[in-house]
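[1] Starting from these lines, generate the structure:
(chains A and B)
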Amino acid sequence: MTAHMASLTAEDIAEQRLRTPWAFGASGRTRALRWAVGLLAVFYLLYLQWLFDFDKLFTGLSRLFVIVRLMVDWSGFADWDHPALLRAMLETVAMAYIGTMLALVVSVPLGFMGARNIIPARIFRFFARRLFDGMRGLDQLIWALVFVRAVGLGPIAGILAICVADTGVLSKLFAEAIENTDRKQIEGVTSTGGSFLGALRFAVLPQVLPVMIGQTLYQIESNSREATILGLVGAGGIGLRLSERIQINAWDQVAYVIVLVLIAVALIDNLSRMLRLRLIGTPARAA
Amino acid sequence: MTQLNPTDDPAYRLFQQRFGAMRRARSTETALTVAVVVLVFVVSAVWTEFSPTKILEGMPRIGEYFGKLLSIEPTRGADPVPVLAFGHIFGGTKEPQSIAYWFYRFDVYARLLWQTVQMAILATAMGFAAAAVLCFPATGTLLRLRPVVFVLRRLLEILRTIPQVVLAFIFVWPFGIGPLAGILAIAIHTTGALGKLFSELNENADLRAVEGIQSVGGSWLAQMRYGVLPQVLPGFLSYGLLRFEINVRSSTIMGFVGAGGIGMELKRTIGFNIYEEVSAICILILLVVVVLDLASERIRHRFIGHFV
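    Model (predicted):
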C-alpha cells in the first residue's frame, strides 16, 4: 500500500484529475470564487440590516409578547359576535369557490389558445402568454384594491380579483399541460376522419383533464387561504372583521378569527384531498 | 362470403350489455359531479350576493376604470387623453403622453421597488436559514423522537397557514410602520413553507450514508451534516430560489397594511385616484416580478440542473 502510494507521481495525479475531474475537489479558483460570492452575500445581508433596525426589533419583541398574552386570554368568548364571524368565514370560502370556478371557465379556452400544439402561430401564443404573466404577476390583493375602486366594496370585488389572478395561473398551467400531451392520440382521431374539435374532445381533453381537476382543487384550497385577506382592502369576507379587530386592538378576537381561518383551511384541505383521490386517484398536487 | 350478423352472437350481446351498463354508470357519476359543482356554485353565489345582473351592471364601470388607468389629464379638469401617443413618447417630463411624463416619479418608485426586493431577499434568507435548521428534527425518518417531530410539523403548518398580510398587520403594532414588520411576516411564512418542502426532501434522502456515519460513531448532528445535507442541498437551494420569486410578489403588497415597500405608494395612489400613477406603478411591479422570475429560473437551471 505504502509502496504503491510512494510510486504515485504528480503526473499520475494530474492524469487522473484529467480523466475523472469529478472525483477531485474543486480547484483553488472555483473555491475562491465560491467564498467571494458567499462573503459578498453575507456582507450584503449585513448591509440590509439597516432595514432591520435591531433596536426596534428588541423593543418590539417585548410589545409582541404583551400582544400574545392578550391573544390567549379568551375570557370574553361568550360575548363575541359569533354569527357574524361565521357568516364572514363562509362568505370567504364561497368567494374563493366562485372566483376559482369562473377562472376555470375562462382558463380552459385560454389554455388551449396558449398551447403550441393547438395554435402554432407564434405571435399569438406570445401575446397569450404575456397576458397570463400580467394577470399572475400582480398579487390578488392589488387586483382586489383595483376592483374595489371599480365596482365598490363587497364580495364581488374579491371574486373578480380572485378570478383575474387565477385565470393567469390556471391558463398558464393548462397551456403547459396541453403542450405536454401525446400527439399520437390526436393523430389517431384525425386519421379516422375526426374533426379538429373532435380531436380536442377525444384526444387532448382526456389527457389533460386530471391535471385540470387537480390544479383547480389546489387553487380552491390556496384561494380560500388567500381570500381571508381580501377583506383587508374592503373586498368582502372575514378579512374585514379581522382588520376591524386589529385596529381596535381586540387581540383575543383576532386570535379567535385566525383560529377560525386555520380550521376552515384545514377542513378544505382535507375535503379537496378526498375529492382528488376520488376523481383522479392521486392524493398529491398533480403538477 | 357469408354475411355475419354480430347481433346474433351471444358474446357480442353480453359485451354490449356490460359496456352499456358501465357507460351508464360513468355518465351518471359525471352528471352527479357536475350537479354538485353547480349546486355549490349557486349556493355560494346566493351567499355572496353574486348575480349576473350585478356583474353586467359593473362591467361598464370596470371598463371605465381601466380606461382611466391608461389615460392622463394634461391639465386639471381637461379631457383625459391616452397615457402614450406616437410622436410624444420620447418627449420630456413637461410633455403629456410621453413616457417621462407618465413615470415622472420614477425615482421614488425605483427606491421603493428596491426596498421591496430587499425585503424579499432578507425575508427569504431568514426563512431559509430557519427552515434549514428546523427541517431535520421535523423529519420522521431522521429523528426517532416522535413527539418532537409531531410538534415541529404542526408548528411549521401553523406558520405557513396564517396569511402573511395578517401577520404583517399584527406586527405593525409592536414593530411600528416600516419594512421590519413585513420582513418578519414573510420570513415566518417562508419558514413554514420551506420547512415542509425541505423535510419532504429529507424523507427521500438515502439513509445508507446516515447509517455509515452512525456506524463509525458520528453524532446526530454529524449524520445530518455529512449524511443528509449533501444529498438535499441542491433541492434546498432550488426551492429557496423558487420561494424568493414568490416572496417578491408578497412583499409588493406588504405596504397595504403599512409594512413597507412599494405597496404603500400603490395604496395611496389608488386611494387618491391618481390614475396614471397607479398604472405606472403596476407596470413597474410587473416588470420587476417578471425579470426576477426569469433571472431566478436561469440560476436554478444553470447551477442546480432541472431539479424541480
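[2] Next one: the most centrally placed residue in chain A from residue B:219, what distance?
    By CA atoms, centre = their mean, the mean C-alpha position of chain A lies nearest to residue A:222, the distance being 7.0 Å. Separation of residue A:222 from residue B:219 (CB to CB, to the nearest Å) stands at 40 Å. For the C-beta atoms, the positions are set from N, CA and C on the backbone; glycine is no exception.
[3] now do residue B:299
    For residue B:299, the distance to residue B:219 - CB to CB - is 34 Å.
[4] which one of the two has more residues nearby?
    residue B:299 (14 against 10; other CB atoms under 10 Å in any protein chain shown).
[5] can you tell me which residues contact the more buried one?
    Counting by CB atoms under 8 Å, 6 or more residues apart in numbering or on different chains, residue B:299 touches residue B:241.
[6] From chain A, how far off is it?
    Per CB to the nearest CB, to the nearest Å, residue B:299 is found 12 Å from chain A.
[7] Identify the single longest helix in the chain, thanks.
    Just going to use chain A. helix A:82-113 (DSSP state H).
[8] nope, chain B
    helix B:10-47.
[9] Show me which positions of it end up buried.
    Buried residues in helix B:10-47, counted by 16 or more other CB atoms under 10 Å in any protein chain shown: B:41, B:44, B:45, B:47.
[10] What does residue B:72 show for phi and psi?
    The phi/psi pair for residue B:72 (degrees, to the nearest 10) reads phi -140, psi 140.
[11] about what we covered before: how far off centre is the longest helix of chain B?
    35 Å (CA atoms, centre = their mean, to the nearest Å).
[12] Mind giving me the packing neighbours of it?
    Here helix B:10-47 touches helix A:82-113, going by 3 or more CB pairs under 8 Å, 6 or more residues apart in numbering or on different chains; DSSP states H and E.
[13] Show the average pLDDT along the helix it packs on.
    The pLDDT scores in helix A:82-113 average 90.
[14] Please work out the angle formed by the directions of it and helix B:10-47.
    For helix A:82-113 against helix B:10-47, the angle by axes from the mean of the first three to the mean of the last three CA atoms, to 10 degrees is 130 degrees.
[15] Is chain B within reach of the next helix or strand after helix A:82-113?
    Counting by DSSP states H and E, the element after helix A:82-113 in chain order, helix or strand, is helix A:122-137. Yes - against chain B, helix A:122-137 shows contacts by CB under 8 Å from any CB of the partner chain at A:133, A:134, A:137.
[16] how about those in a markdown table, adding neighbour count?
    Formatted as a markdown table, the residues of helix A:122-137 next to chain B follow (neighbours: other CB atoms under 10 Å in any protein chain shown):
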| residue | neighbour count |
| --- | --- |
| A:133 | 16 |
| A:134 | 16 |
| A:137 | 22 |
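[17] helices and strands around the helix or strand containing residue A:197, which ones?
    Assigned by DSSP H and E, residue A:197 falls within helix A:196-199. When contacts are defined as 3+ CB pairs under 8 Å, 6+ apart, helix A:196-199 packs onto helix A:183-191.
[18] returning to that earlier point: show me what counts as buried in the next helix-or-strand element following the longest helix of chain B.
    Toward the C-terminus, helix B:10-47 is succeeded by helix B:52-69 as the next helix or strand (DSSP H and E). Residues of helix B:52-69 classed as buried by neighbour count (16+ other CB under 10 Å): B:58, B:62, B:65, B:68, B:69.
[19] Quick check: phi and psi on the closest residue to residue B:131 other than its chain neighbours?
    Leaving aside its sequence neighbours, residue B:131 sits nearest to residue B:194 (CB to CB, 6 or more residues apart in numbering or on different chains; 3.7 Å). Per-residue torsions, residue B:194: phi -70, psi -40 (degrees, to the nearest 10).
[20] Would you mind measuring from residue B:194 to chain A?
    16 Å.
[21] rewinding a little: what about the residue nearest to the centre of chain A, helix or strand, and which?
    Residue-wise, residue A:222 maps onto helix A:205-230 under DSSP H and E.
[22] Pop the domain breakdown of chain B in here.
    B:6-50, B:63-102, B:106-304 (automatic domain parsing).
[23] State the pLDDT value of the residue sitting nearest the centre point of chain B.
    Closest to where the C-alpha atoms of chain B average out (CA atoms, centre = their mean) is residue B:246, at 4.8 Å. We have a pLDDT of 90 for residue B:246.
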